[in-house]
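Peer 1: sequence and computational prediction follow.
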Amino acid sequence: MPVLVITGTDTEVGKTVVTAAVAATALAGGRSVAVLKAAQTGVGPGEAGDAQEVARLAGAVTVAEVARFPEPLAPGTAARRAGRAPVRPREVAEAADKLATEHDLVLVEGAGGLLVRFDAAGGTLADVACLLGAPVLLVASAGLGTLNTTELTARELRSRGLELPGVVIGSWPGTPDLASRCNLADLPDVSCAPLLGAVPAGAGSLRPAAFRSAAPRWLAPRLEGTWDADTFRTLQGP
């Protein structure tokens with residue numbers, strides 16, 4: 001798995017923190033890691049974006065962006081309003097391929113969900129994954145409403161012949177409600193893919209050293225961690 005694409009069911013589901021956890025866990029295993037942000041929006045020149053946040057939390061990763069736009073909008077819309085050329089899926093794939101020649105693992109983080117448009121032609125992160133032939137890790141929210149968006153995204157991935165290795169819950173609440181607890185069983189069912197982790201809410205606020213130490217415990221062995229879905233379900237109760 002030299003390249004792993006990471007997408008979310010929506011914005012603000014914990015995608016960047018999950019990317020950091022995957023990176024930190026790979027680094028702990030002795031692998032070299034690069035993080036590529038396909039299109040950074042809502043960040044001005046000189047400001048830290050998502051890739052830089054991954055590096056702050058995870059440690060010594062190579063960071064790269066294909067483009068950034070100042071307004072917090074879908075990449076295609078943000079590029080148009082900025083009067084700049086949009087990001088093209090092939091540009092992202094070529095950047096990831098280059099990084100893969102120099103690193104053991106390349107994490108390609110999208111913007112928002114799988115089908116958020118990069119350009120007027122309708123290019124998306126799904127097109128990037130197709131060009132790369134890369135698996136797509138799906139980050140989902142914990143609570144009510146997540147089943148629909150998770151299933152829709154999983155169906156889209158499979159319709160394109162893309163591998164979905166599993167789902168990671170991006171922000172697991174300290175006191176989970178009934179819907180969240182039930183979703184531990186329902187998310188694998190609707191996605192037809194295993195749960196590969198649950199990152200606790202607020203993990204991104206940890207000191208970097210604490211984050212790096214804890215990250216492997218949030219992710220399953222498929223992602224080089226030690227998290228076990230059955231044990232986690234049991235601990236959360238009925």
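Peer 2: Good, I have the coordinates. Model, not experiment: these values are computed from the prediction.
Peer 1: so which elements touch the longest strand anywhere in the chain?
Peer 2: What stands out as the longest strand in the chain, according to DSSP state E, is strand 105-113. With contacts taken as 3 or more C-beta pairs under 8 Å, 6 or more residues apart in numbering; DSSP states H and E, strand 105-113 sits against strand 3-8, helix 15-28, strand 33-37, helix 50-58, helix 89-100, helix 125-132. C-beta: built from backbone N, CA, C; applies to glycine.
Peer 1: any chance of the ones you listed in JSON lines, plus mean neighbour count, mean pLDDT and distance to residue 77?
Peer 2: Below are the helices and strands packed on strand 105-113 laid out as JSON lines (neighbours: other C-beta atoms under 10 Å; pLDDT from 0 to 100; distance: least, C-beta to C-beta, whole Å):
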{"stretch": "strand 3-8", "mean neighbour count": "25", "mean pLDDT": "98", "distance to residue 77": "18"}
{"stretch": "helix 15-28", "mean neighbour count": "26", "mean pLDDT": "98", "distance to residue 77": "19"}
{"stretch": "strand 33-37", "mean neighbour count": "26", "mean pLDDT": "98", "distance to residue 77": "17"}
{"stretch": "helix 50-58", "mean neighbour count": "22", "mean pLDDT": "96", "distance to residue 77": "18"}
{"stretch": "helix 89-100", "mean neighbour count": "19", "mean pLDDT": "97", "distance to residue 77": "16"}
{"stretch": "helix 125-132", "mean neighbour count": "23", "mean pLDDT": "97", "distance to residue 77": "15"}
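Peer 1: need those in JSON lines with distance to residue 140, can you?
Peer 2: Listed next are the helices and strands packed on strand 105-113 as JSON lines, based on distance: least, C-beta to C-beta, whole Å:
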{"stretch": "strand 3-8", "distance to residue 140": "7"}
{"stretch": "helix 15-28", "distance to residue 140": "10"}
{"stretch": "strand 33-37", "distance to residue 140": "20"}
{"stretch": "helix 50-58", "distance to residue 140": "18"}
{"stretch": "helix 89-100", "distance to residue 140": "23"}
{"stretch": "helix 125-132", "distance to residue 140": "16"}
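Peer 1: how close does residue 213 get to residue 57?
Peer 2: Taking C-beta to C-beta, to the nearest Å as the measure, residue 213 falls 12 Å from residue 57.
Peer 1: no no, residue 2
Peer 2: Distance from residue 2 to residue 57, by C-beta to C-beta: 22 Å.
Peer 1: now do residue 16
Peer 2: 9 Å.
Peer 1: what's the overlap in contacts for the two?
Peer 2: The overlap between the contact sets of residue 16 and residue 57 (C-beta atoms under 8 Å, 6 or more residues apart in numbering) consists of residue 204.
Peer 1: wait, a strand at residue 47?
Peer 2: No. If the criterion is DSSP: H, G, I helix; E, B strand; the rest coil, then residue 47 is coil and not within a strand.
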